[in-house]
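Undergrad: Compute the structure for the input listed below.
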Amino acid sequence: MTLGSLPTLAFVAGDRPEALAALARLTARYGQVPEAKADVIVALGGDGSMLETLHRNLERRTPVYGMNRGSVGFLLNDYDENDLPRRVAESVPTVIHPLQMDAWTEDGRVHSGLAINEVSLLRQTRQSAKLRIHVDDRVRMEELACDGCLVATPAGSTAYNLSAHGPIVPLDARVLALTPISAFRPRRWRGALLPHQSRVTFEILEADKRPVSSTADGFEVRRVTRVEVRERRDVALTMLFDAGRSFDERVLAEQFAA
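TA: As a prediction, this is how the structure comes out:
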């Protein structure tokens with residue numbers, strides 16, 4: 001994109017009827033270029049569609065401008081078909097860094113994935129999970145009995161983390177949220193805020209009796225024995241938000257929501 005020019009747009013959509021209908025209207029009105037040649041990708045759908053688009057473009061790192069054709073749409077802009085190239089050109093960039101998940105399974109294999117929102121561990125059976133939590137190779141919790149536990153990025157702090165009663169984290173806070181999911185013992189532990197460079201290791205206790213799965217956004221690994229989580233500062237992804245409706249503004253407004 002040259003100075004003063006409007007961006008070339010690639011439109012992509014989730015599988016909801018509203019998103020597919022919007023895709024047809026917008027491509028008819030503004031044309032379509034391949035994702036690999038676009039200045040900006042316009043993602044139509046919900047937050048899940050936005051995450052899928054960011055993951056698909058991890059190598060190219062093309063900026064993504066989302067418009068809500070789903071339900072919650074926290075990572076998306078309001079839907080408006082008018083003067084879209086100009087609106088995208090005037091949008092405000094937000095740079096996010098994903099989490100690296102390395103998960104070891106019972107057979108000794110390691111499975112790796114990136115998470116834009118969170119890495120979550122969940123019990124696989126009716127029995128609670130038992131986790132030992134290390135931060136930078138130091139044991140911080142000998143045993144957490146729970147349904148699970150997660151590490152969330154600031155961008156993901158308003159998603160599953162918030163549902164699990166974790167804190168909302170401003171994007172520039174340079175911290176990660178470590179949040180238990182239905183903690184049984186210690187019952188009143190609410191989690192922790194960690195420096196963004198921290199490396200969190202979960203050791204699964206009694207893994208054969210109490211199996212646990214680990215998920216990096218949509219990538220799941222079952223029957224894990226150990227999971228390491230760290231921020232990938234070398235990977236930078238860009239989301240675009242309308243002026244006056246930046247991600248920071250959304251995070252601030254969410255903290256005052258009824």
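Undergrad: For stretch 236-253, buried residues please.
TA: Neighbour counts over stretch 236-253 (16 or more other Cβ atoms under 10 Å) mark 237-242, 246-247, 250-251 as buried. Heads up, the C-betas are built off the backbone N, CA and C, glycines and all.
Undergrad: Cross the residues you listed against strands and list the overlap.
TA: 237-241 (DSSP state E).
Undergrad: Can you convert these into TSV and add a column each for pLDDT and distance to L44?
TA: Listed next are those as TSV, based on pLDDT from 0 to 100; distance: Cβ to Cβ, whole Å:
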residue	pLDDT	distance to L44
L237	95	18
T238	96	18
M239	94	14
L240	96	14
F241	94	16
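Undergrad: Quick check: R199 vs I133, distance?
TA: Counting by Cβ to Cβ, to the nearest Å, the gap from R199 to I133 is 12 Å.
Undergrad: And for N161?
TA: Relative to I133, N161 is positioned 16 Å away (criterion: Cβ to Cβ).
Undergrad: Please apply the same query to R25.
TA: Counting by Cβ to Cβ - R25 and I133 are separated by 49 Å.
Undergrad: next one: A243
TA: For A243 relative to I133 (Cβ to Cβ), the value is 41 Å.
Undergrad: Need the nearest residue in space to the residue positioned nearest the centre of the chain, chain neighbours excluded.
TA: Centroid-nearest residue in the chain, with Cα atoms, centre = their mean: N117, separated by 1.7 Å. Residue nearest to N117 in three dimensions, not counting chain neighbours: G156, with 3.1 Å by Cβ to Cβ, 6 or more residues apart in numbering.
Undergrad: Contacts only, for that neighbour.
TA: Applying Cβ atoms under 8 Å, 6 or more residues apart in numbering, one finds that G156 lies in contact with 115-118.
Undergrad: tell me the two of the residues you listed that are most distant?
TA: Based on Cβ to Cβ, the longest span within those runs between I116 and E118 and measures 8.5 Å.
Undergrad: which residues are common contacts for these two?
TA: In contact with both I116 and E118: 99, 153, 156, 217, using Cβ under 8 Å, 6+ apart.
Undergrad: Could you tell me which of those residues belong to strands?
TA: Per DSSP E, the subset of those in strands is L99.
Undergrad: quick revisit: so R25 and I133 - more neighbours on which side?
TA: A direct count of neighbours by other Cβ atoms under 10 Å for R25 and I133 places I133 higher, at 19 against 12.
Undergrad: I appreciate the help and will end here.
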